[in-house]
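K.L.:
Quick one, what's the 3D model for this:
(chains A, B and C)
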Amino acid sequence: MKTLFSIALGILAAIGGYVDIGDLVFNTTAGATFGYQLLWAIVLGVGGIIVYAEMCGRVAAVSNRAVFDVVRERLGFAVGLVTLVGAELVSLLTLAAEVGGIALALELLFGHSYQLFIAVAVLGLALVLWAMPFEWIERVFGYGGLCLLVLVPAVFKLHPDWGEVAKGFAPHLETGNVPLYLYYVVGLVGAGMTPYEVYFYSSGGVEEEWTPKDLTTNRLNAIVGYCLGGILSFALLICAGALFLPRGISPELLGSVALVVQSPLGPIGLILMLVGIAFAVSGAAIDTAFSGAYNIAQFFGWEWGKYRHNAGAPRFTIAWIVMLVLAFAIVITGVNPIQVTEFAVIFSVVALPATYLPILLVANDRAYMGQYRNQRLSNLLGIFYLGVIVLVALAAIPLMIITNMGTQ
Amino acid sequence: MRISEIIGLEVRTESGDGLGRVYDVRAELTQRSLRVVGLVVGRRGLLERLGIDAPEASERVRKPDELPWSDVVRLDRRGVIVRDGSKPVR
Amino acid sequence: MSRIDLALGILDHQLIDSQGRRCGKVDDLELDGLDVKAIVSGRSGWAGRGRLGRLTAWLARGPRAVLVPWDEVRAVDDAVRLRKTAGELRLGRGDDRARQLVERIPGSGL
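P.N.:
This next block holds a predicted model:
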């Protein structure tokens, strides 16, 4: 009974932690622009991260390796280094976007200046990363993020056309603007398959010394957690579709995102939404900062780990500190965090194949995985998603240019 | 000499036939030593380097084509020369 | 006794010392005739890994590289496991230096 309880808690934390700034931005703008037509793209993204995370978790449990151990072993030093640099740049952009998002949410909650809250956010994150025991981090930010569940009653209060909503789960086009539609497909898949989340999950698996015995629980945790978290993404898109599309509103501010809840549920809804955003995006920022440190430490073979104490893994520690400092520098220039988010999601899509492919290969490698290598279904899904990822990666930048970052 | 200098070298027979590039070095691991026993050679390059030919039988050995060291006539920074008639064995 | 492909099974793999501490990767292998004489770990080990390797070696600071005699290898499985501690083999010095910096910040033992 106790394990069931702890699994449930783990899933709750995963749901609360699922949404990040990329989801907030892309789900609302997709809903505001195309109504419910792109719900299937969210499904595609959730499916993708489940497949990717499952393989990474299995590789971690069986062969004791995290993503960038595998990247270096399979791609070698030179190609691996290019992959690392790409991953770190994307992580940095993502972290900057998240810091900006936290600052915006705090500004909307408390007033005062955005610049002040950027400093508060960075210092707060640094303190948490430095001093808070990891189990607490998961719980505090995961449960805090559950405030976002306010989106679910909001959906019902908005009375969307459920027939249209249902149609949205099947890929279809009812629009003349094909490039823009495809841009959002790319964005939603990218926002769903956040790479830092996978690096973090994989590294966590090695740190917690998962063994093959842990595989079923972890698989369950991942699948259920991501699926239920995906419900929040659906809710965001449906609310935006119901509220913004009929009025021709284009949500360009974080405040607009929170509006999706304020309109049906009033000020309490708004506050819950903003609190949820602050916690969820903070949790995401923590994962992103750690994953940046994990990646570089794993590539070069340094000691790493959040359980290692700060001085026990010194270069790892310095790495996440440097990431926070650089993220601060980016955001304090006054750049619009919503725009940074869009760049971060699009570039993370471009970088995705390079870290996905080595994992797919190793997951199939009998020498690494023994009896736990990919079976038929895993490979079918694994290769399907490799195709999706490659297509999306190739299309991302052209679409971004053609649609002028989703504005045309 | 270092391993990094061997991997990637072109392999030709004495009479000039190209057999591809060295993409790995096969060795025998004992309690105290690690000794080179052959070269893993092939035309297929990239996919094999990524490890797509997953090993069937033993632990850490690729499927394709091993050239036993006894077939090597000369190996230096310019490339590898092997005996005529030498063919990679699985 | 077993067969192993060096690029697949040893090169770029993690080095772990006798106390379980991570202390670098196998960046290259030094041969003496047909025998692998030593593991090369560190900056100059990258110099042989292509142009990007040379660039990284040039940009990086710290000691040139460490040669770990193959005798010091206890086992090769998920990682290359060594018989002695990192300190005894002069590995992981980058972390040692970084630790002096990190320890100055209060709460570094948390």
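K.L.:
Any chance you could list what contacts stretch A:294-304?
P.N.:
Stretch A:294-304 has contacts (Cβ atoms under 8 Å, 6 or more residues apart in numbering or on different chains) with A:66-69, A:71-72, A:80-81, A:84, A:87-88, A:91, A:199-200, A:203, A:293, A:312-316, A:319, C:14-15, C:21-25, C:41, C:92, C:94-95. The C-beta positions use only the backbone N, C-alpha and C, and glycine is treated the same way.
K.L.:
out of those residues, which touch chain B?
P.N.:
Filtering the contacts of stretch A:294-304 for proximity to chain B by Cβ under 8 Å from any Cβ of the partner chain leaves nothing.
K.L.:
Am I right that A:Arg219 is in a strand?
P.N.:
No: read with DSSP: H, G, I helix; E, B strand; the rest coil, A:Arg219 is helix and lies in no strand.
K.L.:
Please name the nearest non-neighbouring residue to it.
P.N.:
A:Glu54 (5.8 Å; Cβ to Cβ, 6 or more residues apart in numbering or on different chains).
K.L.:
Give me the neighbour count for the one you found.
P.N.:
Summarising burial for A:Glu54: neighbours were counted as other Cβ atoms under 10 Å in any protein chain shown, giving 21.
K.L.:
ok now do it, which residues does it touch?
P.N.:
Contacts for A:Glu54 were tallied using Cβ under 8 Å, 6+ apart; they are A:219, A:222-223, A:378.
K.L.:
can I assume it sits in a helix?
P.N.:
Yes: using three-state DSSP, the assignment for A:Glu54 is a helix.
K.L.:
any low-confidence regions in the chain?
P.N.:
Picking chain A for this. Residues of chain A that meet the criterion pLDDT under 70 lie in A:1-2.
K.L.:
Chain B was what I was after
P.N.:
In chain B the weaker segments, taking pLDDT under 70 as the threshold, are B:43-65, B:87-90.
K.L.:
Helices along that one, start to end?
P.N.:
In chain B, the segments counted as helices under DSSP state H are B:3-6, B:46-49.
K.L.:
okay, C:Leu47: pLDDT?
P.N.:
Not Leu; residue C:47 is Ala. As summarised for this prediction, C:Ala47 has a pLDDT of 88.
K.L.:
In contact with it, which residues?
P.N.:
Contacts of C:Ala47 (Cβ under 8 Å, 6+ apart): C:53-54, C:57.
K.L.:
And the helices in the stretch 251-400 of chain A, which stretches?
P.N.:
Secondary structure of the stretch 251-400 of chain A by DSSP state H, counting those that start in this stretch: the helices cover A:254-300, A:314-332, A:337-363, A:366-369, A:376-402.
K.L.:
Can you name every helix or strand that the fourth one contacts?
P.N.:
By that I understand helix A:366-369. helix A:39-63, helix A:337-363 (3 or more Cβ pairs under 8 Å, 6 or more residues apart in numbering or on different chains; DSSP states H and E).
K.L.:
closest one to A:Trp210 among these?
P.N.:
Taking Cβ to Cβ as the criterion, helix A:39-63 is the member of these that comes nearest to A:Trp210, at 3.8 Å.
K.L.:
quick one, what contacts the closest residue in space to A:Gly382 that isn't next to it in sequence?
P.N.:
The shortest distance from A:Gly382 to any residue that is not its chain neighbour, by Cβ to Cβ, 6+ apart, is 5.0 Å, and that residue is A:Leu360. Shown here is A:Leu360, whose contacts under the criterion Cβ under 8 Å, 6+ apart are A:55, A:374, A:382-383, A:386.
K.L.:
Longest strand in chain C, by number of residues?
P.N.:
Determined from DSSP state E, the single longest strand within chain C is strand C:35-41.
K.L.:
Now do that strand: everything it contacts.
P.N.:
When contacts are defined by Cβ under 8 Å, 6+ apart, strand C:35-41 is touched by residues A:301, B:2-3, B:27, B:33-36, C:6, C:15, C:23-31, C:65-70, C:73, C:80, C:91.
K.L.:
Is it possible to mark the buried ones in the residues you listed?
P.N.:
Neighbour counting over those (16 or more other Cβ atoms under 10 Å in any protein chain shown) leaves A:301, B:2-3, B:27, B:34, B:36, C:6, C:15, C:23-31, C:65-68, C:70, C:73, C:80, C:91 as the buried ones.
K.L.:
Tell me which entries of those lie within helices.
P.N.:
B:3, C:6.
K.L.:
The buried ones among the contacts of strand C:35-41 in strands, which ones?
P.N.:
B:27, B:34, B:36, C:15, C:23-25, C:28-31, C:66-68, C:73, C:80.
K.L.:
Would you check which pair of those lies furthest apart?
P.N.:
With distance counted by Cβ to Cβ, no two of these lie farther apart than B:Val36 and C:Cys23, which are 25.5 Å apart.
K.L.:
about what we covered before: go through the contacts of A:Leu360 and give me the one with the most neighbours.
P.N.:
Comparing these by number of neighbours (other Cβ under 10 Å), A:Met55 comes first, having 24 neighbours.
K.L.:
re earlier: what would the helices and strands packed on helix A:366-369 look like in CSV with distance to A:Ala121?
P.N.:
Below are the helices and strands packed on helix A:366-369 laid out as CSV (distance: least, Cβ to Cβ, whole Å):
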stretch, distance to A:Ala121
helix A:39-63, 25
helix A:337-363, 11
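K.L.:
Near the residue in the stretch 101-250 of chain A that chain C sits nearest to, how many other residues are there?
P.N.:
When distances are taken as Cβ to the nearest Cβ, the stretch 101-250 of chain A reaches nearest to chain C at A:Ala131, 5.5 Å away. Around A:Ala131 there are 12 other residues, counting by other Cβ under 10 Å.
K.L.:
swap in C:Asp32?
P.N.:
10.
K.L.:
distance of it from C:Ala47?
P.N.:
The span separating C:Asp32 from C:Ala47 equals 19 Å under the rule Cβ to Cβ, to the nearest Å.
K.L.:
what about the nearest residue to A:Gly31 once chain neighbours are set aside, which helix or strand?
P.N.:
In this structure, A:Gly31 finds its nearest non-sequential neighbour in A:Ala240, 3.0 Å apart by Cβ to Cβ, 6+ apart. Element membership for A:Ala240 (DSSP states H and E) is helix A:215-243.
K.L.:
what's the angle between that helix and helix A:254-300?
P.N.:
Put simply, helix A:215-243 runs at 150 degrees to helix A:254-300, going by axes from the mean of the first three to the mean of the last three Cα atoms, to 10 degrees.
K.L.:
elements contacting helix A:215-243?
P.N.:
Other helices and strands packing on helix A:215-243, by 3+ Cβ pairs under 8 Å, 6+ apart, are helix A:2-18, helix A:21-34, helix A:39-63, helix A:151-157, helix A:178-192, helix A:254-300.
K.L.:
Export only the CA atoms of the second one, formatted as CSV.
P.N.:
To tie it back to what came earlier, the one meant is helix A:21-34. Once non-C-alpha atoms are left out, helix A:21-34 reads as follows in CSV (Å, rounded to 0.1, in the frame of the first residue of the first chain):
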residue,chain,number,x,y,z
ILE,A,21,7.1,27.8,-20.6
GLY,A,22,7.2,26.2,-24.1
ASP,A,23,3.9,24.4,-23.5
LEU,A,24,2.3,27.6,-22.1
VAL,A,25,3.3,29.6,-25.1
PHE,A,26,2.7,27.1,-27.9
ASN,A,27,-0.5,25.6,-26.7
THR,A,28,-2.2,28.9,-26.2
THR,A,29,-1.1,30.4,-29.5
ALA,A,30,-2.0,27.2,-31.3
GLY,A,31,-5.4,27.3,-29.8
ALA,A,32,-5.9,31.0,-30.5
THR,A,33,-4.8,30.6,-34.1
PHE,A,34,-6.3,27.2,-35.1
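K.L.:
For that helix, enumerate the helices and strands it packs against.
P.N.:
helix A:67-110, helix A:178-192, helix A:215-243, helix A:254-300, helix A:337-363.
K.L.:
For B:Arg32, give me its contacts.
P.N.:
C:Asp71.
K.L.:
Write out the residues of the stretch 251-400 of chain A neighbouring chain B.
P.N.:
The interface of the stretch 251-400 of chain A toward chain B, taken as Cβ under 8 Å from any Cβ, is made up of A:357-358, A:361-362, A:364-367, A:373.
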